[in-house]
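Peer 1: Kindly return the folded structure for what I paste below:
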Amino acid sequence: MKKLRFIGNIIFFSLVVYFVGQSVNVFLGKRTMQTSLANTDAEIKELTNKKNKLLDQEKNSDEDEKTEKFARNNLNLKKEGEETYKITE
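Peer 2: Alright, predicted model coming up:
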């Protein structure tokens, strides 16, 4: 009877140690995941800012091209060092 009780205590203690070890693994994994999540959030914000800057550059580029085209066609302006020819009828 004492042997059975002793073996039961050993099994119980082994299970307690196992579950405590698993809890520690889960806790450490959670901390790692939180760090990874924070890094991913920072990267998302950085990439969103980069995207917005590129969209603004694209918008400004289109406006610059339109302004240049208007100046060339309507105001007869030219770039520095550029030669233009006017055809008269």
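
Peer 1: residue ranges of the helices in this protein, please?
Peer 2: Ranges of helices within the chain are 2-74, based on DSSP state H.

Peer 1: Quick check, central residue of it?
Peer 2: In the chain, the centroid-proximal residue (Cα atoms, centre = their mean) is residue 44; its distance is 2.6 Å.

Peer 1: And that residue, what's its pLDDT?
Peer 2: Listed pLDDT for residue 44 reads 96.

Peer 1: Could you tell me which residues make contact with it?
Peer 2: Counting by Cβ atoms under 8 Å, 6 or more residues apart in numbering, residue 44 makes contact with nothing. Every C-beta, even on glycine, is put in place using the N, C-alpha and C of the backbone.

Peer 1: Residue 30 versus that one, what's the distance?
Peer 2: Here residue 44 is placed at a distance of 21 Å from residue 30 (Cβ to Cβ, to the nearest Å).

Peer 1: For residue 53, grab the count of nearby residues.
Peer 2: Residue 53 is flanked by 10 other residues according to other Cβ atoms under 10 Å.

Peer 1: Check it and give its pLDDT.
Peer 2: 92.

Peer 1: And residue 8, by the same measure?
Peer 2: 89.

Peer 1: Appreciated, that's everything.
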